[in-house]
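>>> predicted coordinates and the sequence they were generated for:
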Amino acid sequence: MISEGRVEAATITTSPAGPAFSDGTQHLVLPRSERSWGAAISRFGPFPALTFESGLDTVTRPDLALHSVVETMPVGAVVDVTLPNTAFADRVLALLHGDWSDDTPRRYFTRETATDLVSECGLTVDDVIEHRFQPADSRQANELLGDRLDDAASFTLRCERTRRGTIAPPSLFAESVDYTTLFQRGDGTCHSREIALLDGRERVVEVAPAADMTHWLSDLGHHMTVIDRAVPSRSRSWAERVVVADLDVDDWARSIEGRADAVLLGNVIEHVVDPAAVLRAAARCLDRSSAREPVVVVSVPNVAHADVRLALASGRWTYRDTGILDRTHLHFLTADRLTELGAAAGLEVVERLSTRVPRGASLNAVPWDRVLTDAAGSPAPTVLTDLVDADPDADIHVHTWSFRPR
């Protein structure tokens, strides 16, 4: 709650039960659509102060949620926003070793990205309050990170609405991106890996089709069914069947159950709320009596790529329009997590392929020589690059695997 001489704040919290608003006397469950939060609480306002206590990082569009609420508040109103710090030492150390916990849909924030968030929503940061904890392995944290060690597990941005009038909708995150012009068929792409793993399977279900993939697979003799809530016209023209469905809401596998030789989920499950549920639905589509072993083919970006590891060690987690830190991603996956999701869906790995990008060549590369000039007592960047380079899989940019039902 905001205090220090200010009016006690109304609060918004998000828990597994959903987002909720309280002003001390009134309690309101907020709608699923983040765009509607402001309208829902406006009947209780306006509020001179409001606190986002926890969970803003677990909604699909935290930028739209904050924007809709701030629009209902007067100029001069005070807003506290508390968020977990993605650059906290424990999380950095885990990723440096190739580990990443991702069991719920989440948006990730550093102080920099959180400041961008509130700024887009018409707020000015007056203060940053850091909630510090000792890293679980302080010795290793100091040895590897030195003066770059960030012991703030979370932080609170204390902000004020300073922008008058209507605030333009923010664009820090997104729900969908037009990938039509981004992919090519040439060797070296994850799409060529997917084509290889689909070889010999005639009846293919392509979920959330990417660019010309449906065309290419059709040319290769596959009989295509495509599924998405908005199937591109280019995919429709090459598909024998089109199913319009929301992967997070609809039972999209029901009409295809047991009729496919393969299901393709190419860069899909990182975008959905429940990846294991989508994998289970994909498994239901498979015809267990197929002449060729039926498979689910999955491609996912690898959050444990060397460039992401080193960027986070420098305190950076920068969302982009494409790539591993695509602003539409709700999940960030490693090989271990992909294995766990497959097992949760009743699937086991058949074959593992990968698309590799050398350290320093991805969108997330950190220019160590310019950005991280050493402070006194700080270990040289080579300590970190040597650690990352010792992992033979640190240059994997995209995992492309096939799974079969267990």
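Noted; the coordinates are in hand.

>>> my read: Leu333 touches His305, true?
No: the criterion here is C-beta atoms under 8 Å, and Leu333 misses it with His305 at 11.3 Å. From N, CA and C alone the C-beta is placed, and that goes for glycine too.

>>> settle it for me: which of the two has more neighbours?
Taking other C-beta atoms under 10 Å, Leu333 and His305 do not tie; His305 has more neighbours (29 against 24).

>>> that one touches Asp393, doesn't it?
No: His305 is not in contact with Asp393 according to C-beta under 8 Å; the separation is 9.3 Å.

>>> what is the rounded mean pLDDT of stretch 56-76?
Across stretch 56-76, pLDDT averages out at 93.

>>> list the buried residues of it.
56-73 (16 or more other C-beta atoms under 10 Å).

>>> do a quick rundown of the helices in the stretch 201-350 of the chain.
213-219, 233-236, 275-284, 306-313, 335-344 (DSSP state H, counting those that start in this stretch).

>>> same for the third one, what does it pack against?
Using 3 or more C-beta pairs under 8 Å, 6 or more residues apart in numbering; DSSP states H and E as the contact test, the elements touching helix 275-284 are strand 203-207, strand 262-266, strand 295-301, helix 335-344, strand 396-405.

>>> nearest to Pro135, of those?
Proximity to Pro135 (C-beta to C-beta) singles out helix 335-344 among the helices and strands packed on helix 275-284, at 21.6 Å.

>>> and the angle from that closest one to strand 396-405?
Interaxial angle, helix 335-344 versus strand 396-405 (axes from the mean of the first three to the mean of the last three C-alpha atoms, to 10 degrees): 20 degrees.

>>> quick one, helix 335-344 and helix 275-284 angle?
50 degrees.

>>> give the contact list for Val348.
If you look again at residue 348, you'll see it is Glu, not Val. With contact taken as C-beta atoms under 8 Å, 6 or more residues apart in numbering, Glu348 is in contact with Gly342, Phe403, Arg404, Arg406.

>>> the stretch 1-150 of the chain: strands as residue ranges?
For the stretch 1-150 of the chain, strands defined by DSSP state E, counting those that start in this stretch occupy the ranges 10-15, 18-22, 27-29, 49-54, 78-84, 123-132.

>>> mind putting those into TSV with distance to Thr110 and mean neighbour count?
Shown next, in TSV, are these (distance: least, C-beta to C-beta, whole Å; neighbours: other C-beta atoms under 10 Å):
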stretch	distance to Thr110	mean neighbour count
strand 10-15	20	19
strand 18-22	23	17
strand 27-29	30	12
strand 49-54	17	21
strand 78-84	9	22
strand 123-132	11	14
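
>>> relative to Glu257, which of the ones you listed is closest?
strand 18-22 (30.8 Å).

>>> list the helices and strands that closest one packs on?
Strand 18-22 packs on strand 10-15, strand 27-29, helix 37-41, going by 3+ C-beta pairs under 8 Å, 6+ apart.

>>> CA-only coordinates of the first one, as CSV, when you get a sec.
Once side chains and other backbone atoms are set aside, the C-alpha atoms of strand 10-15 remain, and they are given as CSV (Å, rounded to 0.1, in the frame of the first residue of the first chain):
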residue,chain,number,x,y,z
ALA,A,10,-6.7,0.8,-3.7
THR,A,11,-5.0,-2.4,-4.8
ILE,A,12,-4.9,-4.8,-7.8
THR,A,13,-3.5,-8.2,-7.3
THR,A,14,-3.3,-11.2,-9.7
SER,A,15,-3.3,-14.7,-8.3
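
>>> what pairs with it, parallel or antiparallel?
Partners of strand 10-15 in the sheet, by DSSP bridges, are strand 18-22 (antiparallel), strand 49-54 (parallel).

>>> can you list those strands in CSV and add distance to Val244?
As requested, the strands paired with strand 10-15 are exported to CSV (distance: least, C-beta to C-beta, whole Å):
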stretch, distance to Val244
strand 18-22, 27
strand 49-54, 35
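
>>> which one of these lies closest to Arg106?
strand 49-54 (12.4 Å).

>>> any idea of the angle the closest one forms with strand 78-84?
10 degrees.

>>> output the below-cut-off pLDDT ranges for the stretch 51-200 of the chain.
Low-confidence segments of the stretch 51-200 of the chain, defined by pLDDT under 70: 175-188.

>>> recalculate using a threshold of 90.
Across the stretch 51-200 of the chain, the ranges flagged by pLDDT under 90 are 53-55, 60, 101-106, 146-148, 163-191.
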